[in-house]
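>>> the following comprises the amino acid sequence and a computationally predicted model.
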Amino acid sequence: MDLFISVKAVKPFENHEQWNAVKEVCLRLNEAGFEALLAGGCVRDMIMGREPNDFDVATSATPDQVEALFPKSVGVGKAFGVMILPFEGFQVEVATFREDLEYKDGRRPEGVRFSTAQADSKRRDFTVNALFFDPLKNQVIDYIDGQKDIQRKLLRTVGLANHRFDEDKLRLLRAVRFAAQLDFDIEHETLQAVIERSSEVGVVSRERIRDELLKLLHTPKRLKGLMLLLSTGLLSGAFPESAPFILEEETNWLKRFEFVKPSESDAVLLALFFYPVFKRTGEQDFKNRHLKTLKLDTAISNEIVHLLNNVESVLKPSEIRKGELAETLFDAKSTHLKEFGDVLAKTENAVESDRVQWIETVTQTAAPYREAFLNGADLKAIGMQPGPRMGEILREAQLLQYEGILTSRDAALNWLGQQKT
């Protein structure tokens, strides 16, 4: 074990908005006679000089003892020693030091045995995630040489790689995601185990796969992660039906992700990921066989399909009617359509200056006329009966507004009078 004290290292913690609350949790546990340490990714991030997203506390206190000290705590995983402490705007996970019992489903242990910090570190996935920090003594506690692996920028499993992946198949994807997120190399034996067992990731729930994929796509080094998905076989293991279509245009698929902004939306990232699939399958097959299984929020799923269906309109805007282009751009699901088109344009041979200018001109022309001049009552007033024809007339009037042809209600009523009922 390598134990050291460093005031400088804790600086990223002190600047964090959650720091005071987390330190108070550890202090209360300590004063009650329990060991309380920060654990996992937040410690890794501190050593690397990165600001952590959140904090996890590991303690010698049992869940019942935690609950007695913090009456507002919630036992979301009490059987596994996990309690959640709610604060205003965030929450802190407090978990009892534990050892995992046998894994039978490749995902979760049958149970746990409450234990010590040292034993707890040895059940974790990767050495860089198995570090502890004592916030009261300002000590990093390292039982498995995680600090050395951070210095070497190396991702290595705690113990034998095959044993770690036997326990939890999701760790296969996590290895790739952490390598991208941290910009680390994967240690040789760990990488070999990922390659040899890539097909086993299929037993993981689709929700978990979706979450790991999104985390990978949101990291600035996403290209590294995607290349690892390809080279390890995990792309085929996790997405067996989609992978063949992606592999057909592997080079362009990867290249598109070079132009993605760090803050890009989930919908755009997933639309890029599945773009080769959509082009070769069609909307219904894509939705039912490739997208639906990810258990996405309905709004995001609809936006992804909308982006894929309409991206041609912003790649080649001069080839469609101006009013229809404006109609598409003003659709609520088109919030990220232009950004999606901008990314694809870099690799789809679109004439960038003409494309952008055309879209801007159409948008500026249409913007003052988004409020419809006509409604159903106007059509009934001239004797038109409800039905498909009424809808067609109202839409045509709106398109003409967008095109700057109908610029007032009077003009729209005059035009309406000329339409056959």
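All right, it came through fine.
>>> residue contacts, R370?
R370 makes contacts with 330, 402, as judged by Cβ atoms under 8 Å, 6 or more residues apart in numbering. Using the backbone N, CA and C atoms, a C-beta is placed for each residue, glycine as well.
>>> err, L27, not the other one
By Cβ under 8 Å, 6+ apart, the residues touching L27 are 36, 136.
>>> secondary structure class for it?
helix (DSSP: H, G, I helix; E, B strand; the rest coil).
>>> okay, A9: pLDDT?
Here, the pLDDT recorded for A9 equals 53.
>>> and Y369, what does it touch?
Y369 touches 401-402, 404, 406-407, counting by Cβ under 8 Å, 6+ apart.
>>> export those as CSV, with columns for neighbour count, pLDDT and secondary structure.
Compiled in CSV, the contacts of Y369 are given as follows (neighbours: other Cβ atoms under 10 Å; pLDDT from 0 to 100; DSSP: H, G, I helix; E, B strand; the rest coil):
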residue, neighbour count, pLDDT, secondary structure
Q401, 25, 96, helix
Y402, 26, 96, helix
G404, 16, 95, coil
L406, 23, 95, coil
T407, 14, 95, coil
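>>> in stretch 20-31, what's buried?
If you call a residue buried by 16 or more other Cβ atoms under 10 Å, then stretch 20-31 has these buried ones: 21-23, 25-26, 29-30.
>>> what of stretch 181-197?
Under 16+ other Cβ under 10 Å, the buried positions of stretch 181-197 are 181-182, 184, 186-187, 190-191, 193-194, 197.
>>> do a quick rundown of the helices in the stretch 151-300 of the chain.
161-167, 170-182, 188-196, 206-218, 222-232, 234-238, 243-248, 250-256, 266-281, 283-285, 298-315 (DSSP state H, counting those that start in this stretch).
>>> relative to E339, which of these is closest?
Among the helices of the stretch 151-300 of the chain, the nearest to E339 by Cβ to Cβ is helix 266-281 (5.9 Å).
>>> grab the nearest non-local neighbour of V92.
With sequence-adjacent residues excluded and distances taken as Cβ to Cβ, 6 or more residues apart in numbering, V92 is closest to L85, at 4.6 Å.
>>> got a list of contacts for the helix or strand in which the one you found is found?
Using DSSP states H and E, the element containing L85 is strand 82-87. Applying Cβ under 8 Å, 6+ apart, the contact partners of strand 82-87 are 18, 21, 25, 63, 66-67, 70, 72-77, 91-96.
>>> circling back: with the contacts of Y369 in mind, which one is nearest to I359?
Among the contacts of Y369, Y402 lies closest to I359 (Cβ to Cβ), at 13.0 Å.
>>> wait, doesn't the closest one sit right on T328?
No - using Cβ atoms under 8 Å, Y402 makes no contact with T328, being 10.3 Å away.
>>> show me the shaky parts of the stretch 51-200 of the chain.
By pLDDT under 70, the low-scoring segments of the stretch 51-200 of the chain are 100-111.
>>> quick one, strands of it?
For the stretch 51-200 of the chain, the strands defined by DSSP state E, counting those that start in this stretch cover 56-59, 74-77, 82-87, 90-96, 98-100, 112-114, 132-134, 139-142, 154-155, 185-186.
>>> now render those as CSV, adding distance to E324.
Listed next are the strands of the stretch 51-200 of the chain as CSV, based on distance: least, Cβ to Cβ, whole Å:
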stretch, distance to E324
strand 56-59, 51
strand 74-77, 49
strand 82-87, 49
strand 90-96, 45
strand 98-100, 57
strand 112-114, 59
strand 132-134, 58
strand 139-142, 60
strand 154-155, 49
strand 185-186, 48
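>>> out of these, which gets nearest to G391?
Across these, closest to G391 is strand 90-96 (Cβ to Cβ), at 48.2 Å.
>>> and the closest one, what does it pack against?
If you count contacts as 3 or more Cβ pairs under 8 Å, 6 or more residues apart in numbering; DSSP states H and E, strand 90-96 packs onto helix 19-31, strand 56-59, helix 63-69, strand 82-87.
>>> quick one: closest of those to E212.
Nearest of those (Cβ to Cβ): strand 56-59, 18.3 Å.
>>> the strand or helix carrying E339 - what's its average pLDDT?
Element membership of E339, judged by DSSP H and E, is helix 337-345. Helix 337-345 carries an average pLDDT of 91.
>>> list the buried residues of the helix or strand just after that helix.
Later in the chain than helix 337-345, the nearest helix or strand by DSSP H and E is helix 352-366. By neighbour count on 16+ other Cβ under 10 Å, the buried set for helix 352-366 is 355-356, 358-359, 362, 365-366.
>>> cool, stretch 249-261 as well?
Those buried within stretch 249-261 under the rule 16+ other Cβ under 10 Å are 249, 253-254, 256-257, 260.
>>> same question, stretch 235-243
235-239, 242-243.
>>> from memory D125 sits against R156, does it?
No - at 10.2 Å, D125 does not count as touching R156 under the criterion of Cβ under 8 Å.
>>> looking at the two, which one has more neighbours?
Comparing D125 with R156 by other Cβ atoms under 10 Å, the one with more neighbours is R156, at 25 against 20.
>>> nearest spatial neighbour of that one, skipping sequence neighbours?
Per Cβ to Cβ, 6+ apart, closest to R156 is E187, 3.9 Å.
>>> so what's that neighbour up against?
By Cβ under 8 Å, 6+ apart, the neighbours of E187 are 149, 154-157.
>>> ok, now with 7 Å
With contacts defined as Cβ atoms under 7 Å, 6 or more residues apart in numbering, E187 is in contact with 154-156.
>>> what's the burial count for Q418?
By other Cβ under 10 Å, 6 other residues sit near Q418.
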